[in-house]
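Enquirer: structure for the following, please:
(4 chains, ligands or ions: 4)
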There are 2 protein chains.
Amino acid sequence: MYEHNTKIKKLIKDKNIKLTTARVAILEILEKAKKPLSYEDIKVDISMDKATFYRNIAKFEKEDMINSFESNDKKRYFELKKEPHAHFICMECNSIQCIKNIDITLPNYEIYNVTINGKCPDCQI
Amino acid sequence: MYEHNTKIKKLIKDKNIKLTTARVAILEILEKAKKPLSYEDIKVDISMDKATFYRNIAKFEKEDMINSFESNDKKRYFELKKEPHAHFICMECNSIQCIKNIDITLPNYEIYNVTINGKCPDCQI
DNA sequence: CTATTAAATGCGACTAAGTTGCAATTGAAT
DNA sequence: ATTCAATTGCAACTTAGTCGCATTTAATAG
Ligand SMILES: [Mn+2]
Ligand SMILES: [Mn+2]
Ligand SMILES: [Zn+2]
Ligand SMILES: [Zn+2]
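Expert: Ligands and ions are numbered 1, 2, ... in the order given. Sure, this is the predicted structure:
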């Protein structure tokens, strides 16, 4: 038994779902990352099967613990739920950045997430 | 020989690429549609192979004739290039709407397209 | 601490959007 | 009408993600 991250444990317990090593592992990685990650990004650092990964991701989304979006590379990216913000995806280098200083509202629409595609500052000619 | 859409023909000719029936067919459908379409949406109305479809789409994108984005349903959506605008994708009913009245700028970033995910007015409880 | 059981996991097979190699066809130009 | 590069159709392939099912594990009750 290791000294597990108690913050992560609490996050899971508070949702009344089983506290499993797979769930702790996924959430710990997402917490350390400062940007959204795909299964591809994470798989080297975890030992679980991809079915387990995606089933837990689905659970986390249902429990409103994470949010996710589709990038331009056909992969889905995940991050722990924080204050709402947009994401910029560079179509040159595929980097993803959290954009906190814009906010978009549309009357009568409920907005869950916003993705902006383009060329990041580093990739301008 | 039919009376082909001369506007579409011109669109192709102006780019100095071959005027083929496949290209005219794709562009005619995209022009008639008032919203972005996927291959899935279009395939019933065209007879070409999907490889031909996607190769022409790639060509159109390279020639800057259309733009495209990834939806939440893992499909890519295409539309004729017009004035820049955002797209709203409903995560309940998967409908897509062109949103012309918001505009987003980020200093030092070049923005190609913006997608907003959420719940459309029709899908509010 | 042990038994019970629903939930979670691993594995392998599968799905579906999109891509690629190659031989046959077509359209623009001479 | 001839030529030749560009385009097409077909079949095989790629890849992120999903699913069924047998096994394991975490929570709970005794
Ligand atoms: Mn973010
Ligand atoms: Mn549009
Ligand atoms: Zn970049
Ligand atoms: Zn809707």
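
Enquirer: now A:C93, what are its backbone angles?
Expert: According to degrees, to the nearest 10, the main-chain angles of A:C93 amount to phi -100, psi 0.

Enquirer: and the closest residue to it other than its chain neighbours, how many neighbours does it have?
Expert: Distances taken as C-beta to C-beta, 6 or more residues apart in numbering or on different chains place A:C123 nearest to A:C93, at 5.4 Å, with adjacent residues excluded. Glycine gets a C-beta too; all of them are placed from N, C-alpha and C. A count of neighbours around A:C123, defined by other C-beta atoms under 10 Å in any protein chain shown, yields 15.

Enquirer: while we're on A:C123, how confident is the model there?
Expert: Per-residue confidence (pLDDT) for A:C123: 92.

Enquirer: tell me the contacts of it?
Expert: Residues near A:C123 by C-beta atoms under 8 Å, 6 or more residues apart in numbering or on different chains: A:C90, A:E92, A:C93.

Enquirer: just the closest of those residues to chain B, please.
Expert: A:C90 (8.6 Å; C-beta to the nearest C-beta).

Enquirer: grab the nearest non-local neighbour of the closest one.
Expert: Closest to A:C90 by C-beta to C-beta, 6+ apart is A:C120, at 3.9 Å.

Enquirer: next one: A:S47
Expert: Spatial nearest neighbour of A:S47, chain neighbours left out: A:A25 (7.9 Å); criterion: C-beta to C-beta, 6+ apart.

Enquirer: for the one you found, pull up the helix or strand it's in.
Expert: A:A25 is part of helix A:21-32, with elements assigned from DSSP states H and E.

Enquirer: just the CA coordinates of the helix or strand just after that helix, formatted as CSV?
Expert: Per DSSP H and E, helix A:21-32 leads on to helix A:39-42 as the next helix or strand towards the C-terminus. Backbone C-alpha positions of helix A:39-42 (Å, rounded to 0.1, in the frame of the first residue of the first chain) are rendered in CSV as follows:
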residue,chain,number,x,y,z
TYR,A,39,-5.3,8.1,-23.9
GLU,A,40,-2.3,8.1,-26.2
ASP,A,41,-0.6,10.6,-23.9
ILE,A,42,-1.3,8.7,-20.8
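
Enquirer: show me the domain layout of chain A.
Expert: Domain ranges of chain A: A:6-80, A:85-124, per automatic domain parsing.

Enquirer: same question for the first one, mean pLDDT?
Expert: Think domain A:6-80. 96.

Enquirer: could you confirm whether that domain reaches ligand 3?
Expert: No - Domain A:6-80 lies out of reach of ligand 3 by C-beta under 5 Å from the ion, never closer than 11.5 Å.
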